[in-house]
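> Pasting a predicted model and its sequence here:
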Amino acid sequence: MDLGIKGKVALVAASSKGIGKAIAFALADEGVNLSIFSRSKEEIERTASEIRTRFPVDVLASTADVTNKEQVDRVIEETVKTLGGIDILINNAGGPPFGFFEDFESPDWQSALELNLLSGIYLAKKIVPLMKQKSWGRIVNITSIAVKQPIDGLILSNTSRAGLIGFSKTLSNELAEYNILVNNICPGRIYTDRIKALAEKRAAQANIKYEKAIEEMEKDIPLQRIGTPEELAALACFLASEKASYMTGTTIQVDGGLLRGLF
Ligand SMILES: NC(=O)c1ccc[n+]([C@@H]2O[C@H](COP(=O)([O-])OP(=O)(O)OC[C@H]3O[C@@H](n4cnc5c(N)ncnc54)[C@H](OP(=O)(O)O)[C@@H]3O)[C@@H](O)[C@H]2O)c1
């Protein structure tokens, strides 16, 4: 299926590794020009050169922290100057630390809100005017299954991401008249460094091997395995496309059936 986005420009935040990187690859495969960024210069440059080797698209790679407004402003300015605008925003970031209520103090809460809520709001604030000019835009937020079913030991993530869902649902209503669509994707367990770190932590806590911890994490997933970043990227690419033209304000999990609720 031709998704109808060849030649468009996507800004993919936090995209040197994992889910963000897989989404950048999927968009490049559709002929979308890319602006990608993360904090590590070496990692983002490596990812950019992998994409350039495989796909005939323009790739701008920048170093920026998604919570640093000046750095984000610079990425947006350079993207507009180099690639001519931004049609698609993939709002992604790292995840906050694992832990329980007693483990965290005010600065931890502030950091989590900046990472997984305020950064997405800031990116949207700066990029929506560019989309409005073209009467076309797609915003895809990468959140977590935690927005549908909070995860034990991830209180910072559970809290900050819930706010993003309220924000994006409201935004989707406000932007519908401009043909700017806003949707959320909830990863369940996707095999990236983030899930590897969680498995290592669980292995250490339970004094079991890493492989055993991964097996334990697969047990309660109906599809009996952890997903791949590419499986999630396929949905992100669709939601970012022309073909998703009647979808906005949705929150969809990619979780192998892990969520046991109806929605
Ligand atoms: N994997 C899962 O199963 C899963 C499940 C639920 C939710 N999620 C969420 O999905 C998102 C992506 O997860 P992932 O598994 O792909 O993580 P990952 O493999 O650890 O990759 C995170 C990416 O984000 C970049 N990054 C981290 N903090 C950043 C910051 N402050 N500014 C800019 N870039 C930043 C990292 O690059 P640098 O280090 O170079 O900055 C890296 O490219 C996270 O919010 C995660 O919590 C993932």
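Okay, I see it. Residues are numbered from 1 along each chain as shown.

> Hmm, residue 192 is touching residue 18, no?
Yes - the pair residue 192 / residue 18 is scored as a contact, 3.4 Å apart, by C-beta atoms under 8 Å. Yep, even glycine has a C-beta here, placed from its N, CA and C like the rest.

> okay, those two: which has more neighbours?
In this view residue 192 and residue 18 are compared by other C-beta atoms under 10 Å, and residue 18 has more residues nearby, 24 against 21.

> Next one: that one from residue 219, what distance?
Distance of residue 18 to residue 219, computed by C-beta to C-beta, to the nearest Å: 23 Å.

> which residues are in contact with both of residue 192 and residue 18?
Here residue 192 and residue 18 share the contacting residues residue 229, scored by C-beta atoms under 8 Å, 6 or more residues apart in numbering.

> the longest helix in this structure is where?
Of all the elements of type helix in the chain, the one with the most residues (DSSP state H) is helix 155-175.

> tell me how far that one is from the chain's mean position?
Using C-alpha atoms, centre = their mean, to the nearest Å, the mean C-alpha position of helix 155-175 is found 13 Å from that of the whole chain.

> buried ones in it?
Residues of helix 155-175 classed as buried: 155-165, 167-169, 171-172, 175 (neighbour count, 16 or more other C-beta atoms under 10 Å).

> quick one: buried residues of the helix or strand just after it?
Along the chain past helix 155-175, the next helix or strand (assigned with DSSP states H and E) turns out to be strand 180-187. Judged by neighbour count (16+ other C-beta under 10 Å), strand 180-187 contains these buried residues: 180-187.

> ok, then the element right after strand 180-187?
Immediately after strand 180-187, counting by DSSP H and E, sits helix 193-206.

> Which other helices and strands does that following helix contact?
Contacting helix 193-206 under the criterion 3 or more C-beta pairs under 8 Å, 6 or more residues apart in numbering; DSSP states H and E are the following elements: helix 210-219.

> From the chain's centroid, how far away is whichever helix or strand comes after the helix it packs on?
The C-terminal neighbour of helix 210-219 among helices and strands, as given by DSSP H and E, is helix 229-239. Average the C-alpha atoms of helix 229-239, do the same for its chain, and the two points are 10 Å apart (C-alpha atoms, centre = their mean).

> packing partners for helix 229-239?
For helix 229-239, the contact count by 3+ C-beta pairs under 8 Å, 6+ apart identifies helix 18-29, strand 137-142, strand 180-187, strand 251-254 as packing neighbours.

> Sheet partners, orientation included, of the last one?
According to DSSP bridges, the neighbouring strands of strand 251-254, each with its direction, are strand 180-187 (parallel).

> what about the residue of the chain most remote from its centre, distance to the ligand?
Ranking residues of the chain by C-alpha distance from their mean position (C-alpha atoms, centre = their mean) puts residue 207 at the top, at 31.9 Å. With distances defined as C-beta to the nearest ligand atom, to the nearest Å, the gap from residue 207 to the ligand amounts to 23 Å.

> Let me know the pLDDT of that residue.
Reading off the confidence values, residue 207 has pLDDT 96.

> Quick check: buried residues in the helix or strand of the chain with the lowest mean pLDDT?
Every helix and strand in the chain was compared by mean pLDDT, DSSP states H and E; the lowest is helix 193-206, with a mean of 92. The neighbour-count check on helix 193-206 (16+ other C-beta under 10 Å) flags 194-195, 198-199, 202-203 as buried.

> check these against the ligand, which are close?
Here is what survives when the buried residues of helix 193-206 are matched to the ligand using C-beta under 6 Å from any ligand atom: 194-195.

> ok so residue 256 is a helix residue?
No - assessed with DSSP: H, G, I helix; E, B strand; the rest coil, residue 256 is coil; it does not lie in a helix.
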